[in-house]
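# Structure for the following, please:
(chains A and B)
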Amino acid sequence: MILDPRPSVIDERLKKVKRVIAVTGWKGGIGKSVTAAVLALILGKKGHRTGLLDLDFAGASAHVVLGTDGIFPKEEKGLEPPLIAGVRFMSVSFFSKRKAVPLRGANISDAIIELLAITQWGELDFLIIDMPPGINDAALDIIRLIPRTEVLAVTTPSVMAHSVLARSLELYERLKVPTLGVIENMRQGSGKPAGPAGSIRLDPKLEAALGSPEKLLKTAFASDLEKISRAIL
Amino acid sequence: MHEWALAESVVKTAAEHSKNEKLKKLSEVGVVFGELQAIDQEIFSFALKELVKNNDKISACKFKVINEPAAFKCKVCGKEFSLKSLKKTDVEAEYIHFIPEMAHTFLKCPKCASPDFEITAGRGVYIKYLKGLQ
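Numbering: from 1, shown residues only, chains lettered A, B, ... in the order given. Predicted structure coming up:
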């Protein structure tokens, strides 16, 4: 017999978390991590108890968005995510010394289960999950382990991004995963937004604000995302 | 002290199993400690004792620890190797202690240096058997 005890405590770890929102998208480089991290900062600033979990093991970057150098979770009957600018943050980057994390599918599942089993989130209004691109092991694990997860999708005006988006939304519908909306990121020019939840303008000043939560909250990107969050959350 | 969180999962799973199997009392649980995760047995055992105190069905249960050596097999060259043959710093060992999959970040096959290996045994904590009275 091999009985994995870890999944049994995942509900316990998340029982005081009111809503779990997975920020996802099906192409790389479309702004998922920035959207997830800035959304968490916006919610935290509004006074909501907010957590951010980076599950993009291969391309973890939420720590770069937030600027978390020299910080490590506190051990307290598990791991307590450190508070960064009002947001409780957990990421594989804490354990990788900023090195690559070359994991196959089964290893990714094991690492996700481990992280969910040992992280003590406490009371939260929102847990935002920064997902890897696509519907893969991480996405399927989250749907299985946290079935109440709501999906917030990010896309760009690219025809390729929209093509993948349509197929993926259909799959989420079939899997009965609630979708909060689709945000169209990096929009240029005017016109009707292609994402039903709204669009975020391409913000040339965003890059310079990365690593500083204070600067990020002052960007046009954050302003557009704040309007969208008011409409959908 | 993250051993506490894992001990909690062992106790919860044992209690759930006891209920599912309609056991009146759970008498023994075999808990495997994989060498790679390097669980502190003293802290884990203390946590188990504290956690079972308020559960009549498992309060008298013995938790037998079974140590399992870590074993690896390289997916590139097929080399099989043990943890003793690998070098790691104390900090790297600590990160592997929290998330054993970090082995793929810090360790490599001693023959071909690939991080693409399988952990064939001794990864972390699991339950090997449960005994009880019906």
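# Name the residues of the lowest-mean-pLDDT helix or strand in chain A that are buried.
Across the helices and strands of chain A, mean pLDDT, DSSP states H and E gives its lowest value to helix A:159-174, namely a mean of 84. Along helix A:159-174, these residues count as buried under the neighbour rule (16 or more other Cβ atoms under 10 Å in any protein chain shown): A:161-162, A:164-165, A:168-169, A:172. Using the backbone N, CA and C atoms, a C-beta is placed for each residue, glycine as well.
# Can you say which helix or strand has the closest residue to residue A:18 other than its chain neighbours in it?
Nearest non-adjacent residue to residue A:18, counting by Cβ to Cβ, 6 or more residues apart in numbering or on different chains: residue A:125, 5.1 Å away. In the assignment (DSSP states H and E), residue A:125 maps to strand A:124-130.
# Give me the sheet partners of that strand and which way each runs.
strand A:17-24 (parallel), strand A:50-54 (parallel) (DSSP bridges).
# and among the ones you listed, the most buried is which?
Comparing the strands paired with strand A:124-130 by mean neighbour count (mean count of other Cβ atoms under 10 Å in any protein chain shown), strand A:50-54 ranks first with a mean of 27.
# and that strand, how far out from the chain's middle?
Taking the mean of its C-alpha atoms, strand A:50-54 sits 7 Å from the chain's own mean (Cα atoms, centre = their mean, to the nearest Å).
# Check what contacts it and list those residues.
With contacts defined as Cβ atoms under 8 Å, 6 or more residues apart in numbering or on different chains, strand A:50-54 is touched by A:17, A:33, A:36-37, A:40, A:43-44, A:60-63, A:66, A:81, A:86-93, A:115, A:119, A:121, A:124-130.
# Which ones among those lie within strands?
Using DSSP state E, the subset of the contacts of strand A:50-54 located in strands is A:17, A:87-91, A:124-130.
# residues contacting the closest residue to residue A:120 other than its chain neighbours?
Closest residue to residue A:120 apart from its sequence neighbours, by Cβ to Cβ, 6+ apart: residue A:78 at 4.2 Å. Going by Cβ under 8 Å, 6+ apart, residue A:78 touches A:13, A:118-120, B:1-2, B:4-5.
# Helices along the chain, start to end?
Because you didn't say which chain, this covers chain A. A:10-13, A:32-45, A:62-66, A:105-118, A:137-145, A:159-174, A:206-209, A:213-216, A:220-232 (DSSP state H).
# Chain B, not that one
Taking DSSP H as the criterion, chain B carries its helices at B:3-20, B:41-52, B:90-98, B:103-106.
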